[in-house]
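In: structure of the sequence below:
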Amino acid sequence: MSFREKIAWAAFITTLLAWGSYFAVVITRAANGGTHDPMLFYLFLAATIGQAVMMTAVTTLIAILTPSEANAPRDERDRSIGRRANGAAYLAVLLAIVAVIVAMHVGLHGTNVIFALVGVFILGEAVRFGTQAIGYRIGG
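Out: Purely as a prediction, here's the structure:
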């Protein structure tokens with residue numbers, strides 16, 4: 001597994017761990033009508049910092065174990081996988097924004113719209129990281 005593939009998998013998994021747990025709490029609170037809780041802001045900060053710490057630790061460890069790969073420039077395969085991942089993420093974000101707009105017309109309002117839009121951003125990043133990881137795995 002190449003350095004960039006390991007980083008893509010790490011980014012995908014840490015995104016799912018940090019933000020999956022965050023949105024599990026947000027969705028549970030929304031179902032119970034309690035999304036105005038300031039604790040959700042602190043949980044947002046915890047998810048952000050948690051993912052940053054996890055990614056820093058994993059990237060550092062991988063770079064220490066494979067220093068020659070960590071310093072290698074991106075090749076055409078890396079750029080191609082990145083372009084495809086960006087395209088997939090863009091499509092996911094567009095569709096999710098349309099879903100939020102439709103949901104706003106049928107009752108989504110207030111802070112729930114903000115949580116939905118944050119979810120759109122996180123979905124886009126998860127799709128991008130996942131598409132990169134799968135792109136490396138299946139051969140680009």
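
In: spatially, what comes nearest to residue 17 if we skip its sequence neighbours?
Out: Nearest residue to residue 17, sequence neighbours excluded (CB to CB, 6 or more residues apart in numbering): residue 54, at 7.2 Å. C-betas here are computed from N, CA, C, even on glycine.

In: check residue 14 too.
Out: Closest residue in space to residue 14, ignoring its immediate chain neighbours: residue 54 at 4.3 Å, by CB to CB, 6+ apart.

In: now do the helix or strand where that neighbour lies: which elements does it pack against?
Out: Take DSSP states H and E as the rule and residue 54 turns out to sit in helix 39-65. The helices and strands touching helix 39-65, judged by 3 or more CB pairs under 8 Å, 6 or more residues apart in numbering; DSSP states H and E, are helix 3-31.

In: just the mean pLDDT for the helix it packs on, thanks.
Out: Mean pLDDT, computed over helix 3-31, is 94.

In: same question, stretch 43-50
Out: pLDDT averaged over stretch 43-50 gives 96.

In: what residues does that stretch touch?
Out: With contact meaning CB atoms under 8 Å, 6 or more residues apart in numbering, stretch 43-50 is reached by 17-19, 21-22, 25-26, 118.

In: ok, of these, which one's closest to residue 89?
Out: Proximity of these to residue 89 (CB to CB) peaks at residue 19, which lies at 14.4 Å.

In: is the closest one in contact with residue 129, as I believe?
Out: No. At 11.1 Å, residue 19 does not count as touching residue 129 under the criterion of CB atoms under 8 Å.

In: list the buried residues of stretch 58-67.
Out: Under the neighbour-count criterion of 16 or more other CB atoms under 10 Å, stretch 58-67 has 58-59, 62 buried.
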